[in-house]
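Participant: Need a 3D model of the sequence below.
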Amino acid sequence: LKQVFNKDKTFRPKRKFEPGTQRFELHKRAQASLNSGVDLKAAVQLPSGEDQNDWVAVHVVDFFNRINLIYGTICEFCTERSCPVMSGGPKYEYRWQDDLKYKKPTALPAPQYMNLLMDWIEVQINNEDIFPTSVGKCKEE
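Facilitator: Okay, the predicted model is just below:
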């Protein structure tokens with residue numbers, strides 16, 4: 001378990017929604033529907049009266065957190081030696097390009113690719129212009 005929470009690994013702590021905000025309430029609603037065995041199509045439908053961008057943002061962050069947890073459990077089994085290529089099976093190889101350090105699509109070992117990808121996603125999620133965190137206070141019921 002120490003490996004999963006090693007700060008040098010790709011795993012990052014969950015991004016949390018601030019209690020009392022609209023997004024926190026949407027997050028609670030999304031979690032409740034996903035954990036209740038409800039039809040997934042119904043679970044992801046925009047609740048009446050809610051902002052679509054807020055609803056999508058909540059699901060993007062939840063998805064990132066879940067992928068982080070899954071990757072955290074398998075990253076010790078995929079080293080640069082055992083996974084020298086980031087691939088999606090024998091027909092697909094993923095190459096990294098970020099227009100900063102990697103100007104052209106570059107083949108990387110899977111762990112390095114995943115670290116860069118997770119860092120990039122985290123930067124996007126933490127960008128207030130893309131995912132503002134202070135959208136509003138939750139409505140009193």
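Participant: Show me where this protein has its helices.
Facilitator: Here the chain has its helices, by DSSP state H, at 22-35, 40-43, 52-74, 110-125.
Participant: Domain boundaries for this structure, per the record?
Facilitator: Using the TED database, the domains assigned to the chain come out as 18-77, 81-129.
Participant: List the residues that contact residue 59.
Facilitator: Residue 59 makes contacts with 30, 44, as judged by C-beta atoms under 8 Å, 6 or more residues apart in numbering. Where C-beta positions appear, they are placed from N, C-alpha and C, glycine not excepted.
Participant: Against residue 100, how distant is it?
Facilitator: Shown here: residue 59 relative to residue 100, a distance of 28 Å by C-beta to C-beta, to the nearest Å.
Participant: just to revisit the earlier point, mean pLDDT and distance to residue 92 added to the helices of the chain, as TSV?
Facilitator: Compiled in TSV, the helices of the chain are given as follows (pLDDT from 0 to 100; distance: least, C-beta to C-beta, whole Å):
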stretch	mean pLDDT	distance to residue 92
helix 22-35	68	29
helix 40-43	73	26
helix 52-74	87	18
helix 110-125	94	12
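Participant: Include distance to residue 133 when you put these into TSV, please.
Facilitator: Written out in TSV, the entries for these read as follows (distance: least, C-beta to C-beta, whole Å):
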stretch	distance to residue 133
helix 22-35	7
helix 40-43	23
helix 52-74	9
helix 110-125	10
